[in-house]
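In: What shape does this take:
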Amino acid sequence: MTTPVLLGILNITADSFSDGGRYLDPAAALAHGRALMADGADGLDVGAASSHPDSQDVGAAEEIRRLEAVVPDLVRAGIPVSIDSFEPDVHLWALEQGVAYLNDIQGFPHADIYPRLAASDARLIVMHGVQGRGRARRQDVPAGEIWGRLFDFFDERVAALTQAGVARDRLILDPGMGFFLGTDPDVSLTVLREMAKLEERYGLPVLISVSRKSFLRAMTGRDVADIGPATLAAELHATRQGAVFIRTHAPGALRDALAVMAALEAE
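Out: As a prediction, the model looks like this:
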């Protein structure tokens, strides 16, 4: 079993479903980022605007204002930083800061910034969401349709980006989870069970982000505060299925679980 790259989630937001408001203060955000790294994260996925169905739009200018108080310090400290945003102006700002990754829940649809993306060294996390543009919406998608949707989406996105000059080996695929796949938990379970299809079709690394997601809470009846064990089970499964990147709120728990599994499976 390959050890995945763990991206710790750092939300600099007022209304994230799991920890909104806790890290809006730059000092708190930096302290939490350092704690995530000390706990076993390999890098940080930093978002300044929530994307769940009940979140509020803050706009690119406010995202940048929040990020500029935190991200330069993280980069200077040598921490690989991913910026979680679907705003092209935020992407361009982030590239100027020397971030390691850009993470777009829309899969980078804005062709006007492709030359800048192609000229950069940042890796691109190309995420699928059934909503198309914008934040997640509550949308019913039959489990039997999801793989056709995913393949259509990634066929188009990978082709568009590589034809624009983005090196293929800079792309990372994220199928989305929870509301980004649909309201029925079985859709997320279907993708987790069969996620090897993505690597088989595209030959690209896959990122999985199940941490504290709605489908796990719906399955277990647990709230966010008590969803850690269910999250860990799903993350371990994703790792066994070949996920190269895991985006998580709790890198320490996952790092410990991976170490125990590796020891148990050692020959």
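In: C-alpha only now, for contacts and for neighbours.
Out: Fine.
In: quick one: average confidence on the lengthiest strand in the chain?
Out: Within the chain, and with DSSP state E defining each element, the longest strand by residue count is strand 5-11. Mean pLDDT, strand 5-11: 96.
In: I'd say Pro185 and Met219 touch.
Out: Yes. Between Pro185 and Met219 a contact is recorded at 7.0 Å, counting by CA atoms under 8 Å.
In: Now do the helices in the stretch 101-250 of the chain.
Out: 114-119, 146-163, 185-193, 196-202, 214-220, 228-240 (DSSP state H, counting those that start in this stretch).
In: can I get those helices in TSV with mean neighbour count, mean pLDDT and distance to Ala94?
Out: Shown next, in TSV, are the helices of the stretch 101-250 of the chain (neighbours: other CA atoms under 10 Å; pLDDT from 0 to 100; distance: least, CA to CA, whole Å):
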stretch	mean neighbour count	mean pLDDT	distance to Ala94
helix 114-119	17	98	11
helix 146-163	16	96	18
helix 185-193	19	94	30
helix 196-202	14	96	27
helix 214-220	18	91	29
helix 228-240	18	96	28
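In: Need the contact partners of stretch 230-245.
Out: 1-7, 192-193, 195-196, 205-208, 210-213, 216, 220, 246, 253-254, 257-258 (CA atoms under 8 Å, 6 or more residues apart in numbering).
In: Please save the CA atoms from that stretch in CSV.
Out: Extracted in CSV, the C-alpha atoms of stretch 230-245 (Å, rounded to 0.1, in the frame of the first residue of the first chain):
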residue,chain,number,x,y,z
ALA,A,230,-16.3,7.3,9.9
THR,A,231,-14.0,9.7,8.1
LEU,A,232,-11.0,7.6,9.0
ALA,A,233,-12.6,4.4,7.6
ALA,A,234,-13.4,6.1,4.3
GLU,A,235,-9.9,7.6,4.0
LEU,A,236,-8.3,4.2,4.7
HIS,A,237,-10.5,2.6,2.1
ALA,A,238,-9.5,5.4,-0.5
THR,A,239,-5.9,4.7,0.3
ARG,A,240,-6.3,1.0,-0.3
GLN,A,241,-8.0,1.8,-3.6
GLY,A,242,-5.0,3.8,-4.8
ALA,A,243,-5.6,7.5,-3.8
VAL,A,244,-2.3,9.3,-4.1
PHE,A,245,-3.6,12.4,-2.2
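In: wouldn't Ser214 be in contact with Gly178 here?
Out: Yes. Here Ser214 reaches Gly178: they are 5.4 Å apart, a contact under CA under 8 Å.
In: Arg34: neighbour count?
Out: Arg34 has 16 neighbours, counted by other CA atoms under 10 Å.
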